[in-house]
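A.B. asks: Structure for this input, please:
(one chain, ligands or ions: 3)
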Amino acid sequence: MAFRSPFAAVPRQLWGNATTSTLRSTSLKSLVSRGLATAVPPVTQNSVGSKGPTAMVFMNMGGPSTTDQVEDFLSRLFSDGDLIPLGRLQSYIGPILARRRTPKIQKQYADIGGGSPIRKWSEYQCEEMCKILDKISPETAPHKPYVAFRYAAPLTETMYNQLFEDGFGNGKGGRAVAFTQYPQYSCSTTGSSLNELWKLRNRMEGKRADGEVDQAGAIQWSVIDRWPTHPGLVEAFAQNIEAQLQTYPEDKRDKVVLLFSAHSLPMSVVNRGDPYPAEVAATVHAVMQRLKFSNPYRLCWQSQVGPSAWLGAQTQDTVMEYVKRGQTDLVLVPIAFTSDHIETLYELDLEVIEEANSPGVKRAESLNGNPTFIQALADVAHDHLQKGEPCSAQMTLRCQGCRSERCLEQKKFFAGKRLSSLVL
Ligand SMILES: C=CC1=C(C)c2cc3[nH]c(cc4nc(cc5[nH]c(cc1n2)c(C)c5CCC(=O)O)C(CCC(=O)O)=C4C)c(C)c3C=C
Ligand code: FES
Ligand SMILES: [Fe+2]
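C.D. replies: Ligands and ions are numbered 1, 2, ... in the order given. So this is what the prediction gives:
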């Protein structure tokens, strides 16, 4: 099976002689023979389910809060081998690609008001969720809110230092929940954040003389790794769609086409077995079920970057095609991100909807500060705290095409005792 980078067509001179990641050549068989894929991993966790205080850590990609931060944001993003595998020279090529792309993306952030609102929304959502959790889950209270972004402030490392300052870990133990803010799991998004968290945990938690992390005083992590069909999430999406449908005359309302739009994935990632496309489709189906299939609908994919093949049909092409055919009443529904970002505010609002040039083409609100959504976050977290499991069963399985030692080790750590031996 060949796994092509989404940037496979980056000019040769930028790639140098680098092949793709050295990790690709590491087969599961060789990991087993080297003792890396055994039933009892060297670093696992115990005693998940202890009482509060509980750190609730929202994980997401983050975004630049000002246009000055765009280059740093893109530089971290293009240096992430879990998102864009560029091989051994990644840390050299990544920043070069980032610098070239910066002016274009800076202009987009300038056009949506000068920066991404993701930090503001994430901090608000997490704080509000913790207030609800303190009431509905007193046994794990107090719940303390933290945000850990992959490519922008506050970075995972900053969050970890904050945990230490607040009395978690570093010999004092304590419990933390890594709560992904991507409802649908992709190894390029949630997987990347978990790999980063695992890496920093190993670097930052207290080490014994033999180099191993001192388990007794380390933070006990558990993970909410996906929640694509949680009824609260589905309800929040459905209410926003209903509100937008109300803006159409009654006789036209049930003929409006709902176009669910999610960030696309390179076909190399889809063919590796990434769970994201199926989970996005599951969210769409659950929302349509809640709406009693009142309207015709399609799922389409946006924001592809670079020249390689990405999952389609593309959102922009879909809108233009339907409008051309006379279907001018369309509601776009961003379904894979819980707050506004350039993909909604720029790509959908300023590019797709403006180009469609038809008053019937509209967009459902993003979830942002929606109280139904914040209650859903609290319910997802409450379910997780009550179950006392380290992660979902799905987390214990790697993609069919995964050759990443990072993924393997990260799963061994977070899934801990849930692991069923060599399924990894
Ligand atoms: C569920 C959401 C997302 C998935 C899956 C995802 C995969 C993915 N993305 C890239 C490359 C880029 N993404 C960029 C920006 C960006 N990506 C998402 C979400 C997902 N990405 C968001 C919300 C944003 C915008 C952040 C904001 O603050 O608004 C960018 C940078 C922008 C640009 O240069 O166009 C890149 C590059 C890949 C390769 C990928 C899957 C492998
Ligand atoms: S790429 Fe999916 S588990 Fe590693
Ligand atoms: Fe992206």
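
A.B. asks: list the contacts for Y124?
C.D. replies: Contact analysis of Y124 by Cβ atoms under 8 Å, 6 or more residues apart in numbering lists G369. For the C-beta atoms, the positions are set from N, CA and C on the backbone; glycine is no exception.

A.B. asks: What helix or strand is it located in?
C.D. replies: Assessed by DSSP states H and E, Y124 sits inside helix 118-136.

A.B. asks: buried ones in that helix?
C.D. replies: For helix 118-136, the neighbour count (16 or more other Cβ atoms under 10 Å) marks 118-119, 121-122, 124-130, 132-134 as buried.

A.B. asks: ok, then the element right after that helix?
C.D. replies: strand 143-149.

A.B. asks: what secondary structure does the residue in the chain that ligand 1 sits nearest to sit in?
C.D. replies: When you check the chain against ligand 1 by Cβ to the nearest ligand atom, the closest residue turns out to be G63, at 2.2 Å. Judged by DSSP: H, G, I helix; E, B strand; the rest coil, the three-state class of G63 is coil.

A.B. asks: State the pLDDT value of the residue nearest to it when sequence neighbours are not counted.
C.D. replies: Of all residues beyond its chain neighbours, the one nearest G63 is S116 (2.7 Å), with distances taken as Cβ to Cβ, 6 or more residues apart in numbering. Here, the pLDDT recorded for S116 equals 93.

A.B. asks: show me the contacts for C399.
C.D. replies: Taking Cβ under 8 Å, 6+ apart as the definition of contact, the neighbours of C399 are C187, R272, G273, D274, P275, C407.

A.B. asks: The stretch 301-424 of the chain against ligand 2: which residues are in contact?
C.D. replies: Applying the criterion Cβ under 6 Å from any ligand atom, the portion of the stretch 301-424 of the chain that neighbours ligand 2 consists of R398, C399, C402, S404, C407.

A.B. asks: out of those, who's near ligand 1?
C.D. replies: Subset of those in contact with ligand 1: empty, counting by Cβ under 6 Å from any ligand atom.

A.B. asks: Which of the residues you listed sits closest to V234?
C.D. replies: Proximity of these to V234 was ranked by Cβ to Cβ; the top entry is C399 with 25.8 Å.

A.B. asks: which SS class is that closest one?
C.D. replies: Under the three-state scheme (three-state DSSP), C399 adopts coil.

A.B. asks: ok, back up a step: ramachandran coordinates for the residue nearest to G63?
C.D. replies: With angles defined as degrees, to the nearest 10, S116 sits at phi -80, psi 140.

A.B. asks: That one against Q108, yeah?
C.D. replies: No: with contacts counted by Cβ atoms under 8 Å, S116 stays clear of Q108, the gap being 10.1 Å.

A.B. asks: For the two, indicate the residue with more neighbours.
C.D. replies: Taking S116 and Q108 together and counting by other Cβ atoms under 10 Å, S116 has the greater number of neighbours (25 against 17).

A.B. asks: Spit out the contact partners of that one.
C.D. replies: Taking Cβ under 8 Å, 6+ apart as the criterion, S116 is in contact with G62, G63, P64, S65, Y109, A152, H341, I342.

A.B. asks: TSV for these, including neighbour count and pLDDT?
C.D. replies: Supplementary listing: those in TSV, determined by neighbours: other Cβ atoms under 10 Å; pLDDT from 0 to 100:
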residue	neighbour count	pLDDT
G62	26	96
G63	23	95
P64	24	95
S65	18	93
Y109	24	91
A152	22	97
H341	24	85
I342	21	80
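
A.B. asks: What helix or strand is the nearest residue to T396 once chain neighbours are set aside located in?
C.D. replies: Leaving aside its sequence neighbours, T396 sits nearest to A415 (Cβ to Cβ, 6+ apart; 4.6 Å). For A415, the host element (DSSP H and E) is helix 405-415.

A.B. asks: What of V57?
C.D. replies: Taking DSSP H and E as the criterion, V57 maps to strand 54-60.

A.B. asks: Work out the gap between that strand and the centre of the chain.
C.D. replies: 13 Å (Cα atoms, centre = their mean, to the nearest Å).

A.B. asks: Contacts made by it with the rest, please.
C.D. replies: Applying Cβ under 8 Å, 6+ apart, the external contacts of strand 54-60 come out as 118, 122, 125-126, 129-130, 133, 140-150, 156, 159, 163, 166, 168, 174-182, 190, 193-194, 197, 219, 381, 385.

A.B. asks: what about that strand, near ligand 1?
C.D. replies: No: contact between strand 54-60 and ligand 1, assessed by Cβ under 6 Å from any ligand atom, is absent, since the two come no nearer than 8.4 Å.

A.B. asks: and that strand, what's its mean pLDDT?
C.D. replies: Rounded mean pLDDT across strand 54-60 is 98.

A.B. asks: what comes up buried for that strand?
C.D. replies: When neighbours are counted by 16+ other Cβ under 10 Å, the buried residues of strand 54-60 are found to be T54, A55, M56, V57, F58, M59, N60.

A.B. asks: partners of it in the sheet?
C.D. replies: In its sheet, strand 54-60 lies beside strand 143-149 (parallel), strand 175-180 (parallel), with partners assigned from DSSP bridges.

A.B. asks: Format those strands as JSON lines; extra columns: mean neighbour count and distance to ligand 2.
C.D. replies: Rendered in JSON lines, the data for the strands paired with strand 54-60 read as follows (neighbours: other Cβ atoms under 10 Å; distance: least, Cβ to the nearest ligand atom, whole Å):
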{"stretch": "strand 143-149", "mean neighbour count": "24", "distance to ligand 2": "20"}
{"stretch": "strand 175-180", "mean neighbour count": "23", "distance to ligand 2": "14"}
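
A.B. asks: any chance of those strands in JSON lines, with distance to T328 too?
C.D. replies: Listed next are these as JSON lines, based on distance: least, Cβ to Cβ, whole Å:
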{"stretch": "strand 143-149", "distance to T328": "38"}
{"stretch": "strand 175-180", "distance to T328": "37"}
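
A.B. asks: Let's have the ones you listed in CSV, adding distance to G326 and mean pLDDT.
C.D. replies: Formatted as CSV, the entries for those read as follows, by distance: least, Cβ to Cβ, whole Å; pLDDT from 0 to 100:
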stretch, distance to G326, mean pLDDT
strand 143-149, 43, 98
strand 175-180, 40, 97
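
A.B. asks: Can you tell me, leaving aside adjacent residues, what's nearest to K199?
C.D. replies: The shortest distance from K199 to any residue other than its chain neighbours is 7.7 Å, reached at R406 (Cβ to Cβ, 6+ apart).
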